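Student: quick one, structure for this:
(one chain, ligands or ions: 1)
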Amino acid sequence: MGLQRCVGPGLLNEGCREELGSLHGIPLYKSFIEGWPQVEAFQARHDDLLIATYPKSGTTWLSEILDMIYHDGDVEKCRRDAIFNRVPFLEMKSRGHIPLSSPSAGVELLEKTPSPRLVKTHLPVQLLPASFQEKGCKVIYMARNPKDVVISYYYFYQMAKMHPDPGMLAEFLEAFMNGKVAYGSWYEHVRGWWEKRQEKQLLYLFYEDMKKDPRREVQKILQFLGKEVVEETVARILHHTSFQEMKKNPAANYETMPSSLMDHSLSPFMRKGISGDWKNHFTVAQNERFDRHYQQHMAGSDLCFQMEV
Ligand SMILES: Nc1ncnc2c1ncn2[C@@H]1O[C@H](COP(=O)(O)OS(=O)(=O)O)[C@@H](OP(=O)(O)O)[C@H]1O
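Tutor: Next up, the predicted model:
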C-alpha cells in the first residue's frame with residue numbers, strides 16, 4: 001500500500017493516493033483528521049437524523065430511502081441534487097483545491113442545510129460529536145456482513161482515489177481483519193454501536209434484512225420516525241430505491257463526482273448490490289481463516305450476521 005504519484009494538469013492535491021493517518025487510534029484520511037476540530041465541535045439540531053454505518057454497508061441506499069420518506073415519495077424532489085449534497089457527510093473534508101462539482105466540507109454543507117437535516121457518518125460510536133446525544137437526535141445504524149463489506153471496500157479502494165493502493169485482495173483482507181483500513185475495525189464498529197443502542201434513540205438495521213424484505217424494513221423506519229405514509233408512497237419509495245433504479249440515477253450513483261476522485265471505469269460505485277458476492281472472491285482457505293477470526297472477535301456478543309440471503 002504505497003504512496004502513488006499524482007499526475008495530470010489541474011489535479012493539484014485531488015485524486016492522489018495517500019497513506020491513512022490516525023484519529024484517536026482509528027485509521028482515517030489525513031484531510032478528515034485536519035478537519036476534526038470542526039467536526040468535534042459540530043452543533044447538531046434536535047431534529048437531525050443521523051445515518052451511521054461502517055463504510056460499504058448500505059449508507060447510500062438508506063440515505064435515498066430517508067430522503068424519499070422526508071419528501072413524501074416525491075421522486076423529482078429527490079433528484080434535486082447529488083446524494084452527497086442532499087445527505088451531507090459529517091466528517092468529510094476535501095484536500096487542497098476542490099473541483100467545482102465536488103462537495104465542500106461536511107460541516108460547512110450541514111450549516112447551510114435547512115432543517116430537518118439528514119446527516120451521514122461512518123464514525124465509530126465513541127467518536128460521535130457530543131451534541132448528537134445532548135440534543136437527543138435519532139440515529140439509524142445499518143450494518144452489513146463483513147465478508148460482503150470487505151469485498152465492496154476492496155473495489156471502493158480501487159475506484160475512490162483518496163485511499164491507499166489496496167494491493168491484492170489477500171493483502172487487503174489481512175488489513176481489513178486487522179482493522180488497518182479507513183475507519184478501523186469492522187468488529188469494533190458494529191459492536192460499539194450495537195452496545196449503545198439501548199442508550200440512544202437508535203434503530204439498528206441490517207443490509208441483509210433490507211435485501212430480503214425491503215417493505216418490512218421501510219415500515220420499521222417509518223414507525224421509528226413516527227411517520228405514516230400511504231401504501232402508494234411506500235411502493236414508490238421501494239421502486240425508486242431499488243438497486244436497478246439507483247444504479248441509473250445520477251443523483252444517487254456518484255457518477256457526478258469528478259473522475260479524479262472516483263473512477264467508475266475501475267469499478268462503479270453501484271457495483272453489484274447483492275448479499276453473498278464474497279463467495280465469488282474468497283478462496284476456501286481465506287473463508288476458513290475469516291470464519292475463525294470472526295468467531296474470536298464476535299465471541300460474547302448477541303449480534304448476529306447473515307453471510308448471504
Ligand atoms: N439500492 C441498493 N440496493 C442494494 N445495494 C445497494 C443499493 N445502493 C447501494 N448499494 C450497495 O451498497 C454498497 C455501497 O455502500 P455504501 O453506500 O455504504 O458506501 S459508502 O461507504 O457510503 O461509500 C455497494 O455494494 P457492492 O455492490 O457490494 O459494492 C452498493 O452497490
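Student: what does this structure put close to the ligand?
Tutor: 53, 55-61, 148, 152, 155-156, 241-243, 246, 270-273, 277 (Cβ under 6 Å from any ligand atom). Placement of C-beta: from N, CA and C, glycine included.
Student: again, only using 5 Å
Tutor: Residues of the chain lying near the ligand by Cβ under 5 Å from any ligand atom: 55-57, 59-61, 152, 243, 246, 270-273.
Student: just to be sure, Lys120 is in a helix?
Tutor: No: counting by DSSP: H, G, I helix; E, B strand; the rest coil, Lys120 falls outside a helix, being strand.
Student: okay but it is in contact with Leu90, surely?
Tutor: Yes: with contact defined as Cβ atoms under 8 Å, Lys120 and Leu90 form a contacting pair (6.5 Å).
Student: higher neighbour count, those two?
Tutor: Leu90 (27 against 24; other Cβ atoms under 10 Å).
Student: the more buried one contacts Leu127, correct?
Tutor: No: the pair Leu90 / Leu127 is not scored as a contact, 10.5 Å apart, by Cβ under 8 Å.
Student: circling back: between Lys120 and Leu90, which contacts overlap?
Tutor: Common neighbours of Lys120 and Leu90 are listed as Gly106 (criterion: Cβ atoms under 8 Å, 6 or more residues apart in numbering).
Student: sorry, back to before: may I ask which of the residues of the chain next to the ligand has the most neighbours?
Tutor: Ser57 (27 neighbours).
Student: and for the closest residue to Leu266 other than its chain neighbours, the neighbour number?
Tutor: Once flanking residues are discounted, Leu266 sits nearest to Met159: 4.5 Å by Cβ to Cβ, 6 or more residues apart in numbering. Per other Cβ under 10 Å, the neighbour tally for Met159 reads 20.
Student: give the contact list for Met159.
Tutor: For Met159, the contacting residues are Met262, Asp263, His264, Leu266, Ser267, Pro268, Phe269, by Cβ under 8 Å, 6+ apart.
Student: among the residues you listed, name the ones in helices.
Tutor: Taking DSSP state H, every one of these sits outside helices.
Student: for ChimeraX, write the select line for the buried members of these.
Tutor: Applying 16 or more other Cβ atoms under 10 Å to these leaves a buried subset, and the ChimeraX line that selects it is:
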select :262,263,267,268,269
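Student: tell me the one of the contacts of Met159 nearest the ligand?
Tutor: Ranked by distance to the ligand (Cβ to the nearest ligand atom), the contacts of Met159 are led by Phe269 at 6.8 Å.
Student: the residue nearest to Ala252 when sequence neighbours are not counted sits in which helix or strand?
Tutor: Distance criterion Cβ to Cβ, 6+ apart; nearest residue to Ala252, sequence neighbours excluded, is Met246 at 4.4 Å. In the assignment (DSSP states H and E), Met246 maps to helix 243-247.
Student: name the helices or strands packed onto that helix?
Tutor: helix 59-70 (3 or more Cβ pairs under 8 Å, 6 or more residues apart in numbering; DSSP states H and E).
Student: list the contacts for Ser242?
Tutor: With Cβ under 8 Å, 6+ apart, Ser242 has these contacts: Pro214.
Student: can you pull up the bridge partners for the nearest residue to Leu62 once chain neighbours are set aside?
Tutor: Once flanking residues are discounted, Leu62 sits nearest to Met142: 5.1 Å by Cβ to Cβ, 6+ apart. Listed beta-bridge partners, Met142: Thr53, Leu205 (assigned using DSSP bridges).
Student: count the neighbours of Met142 for me.
Tutor: 24.
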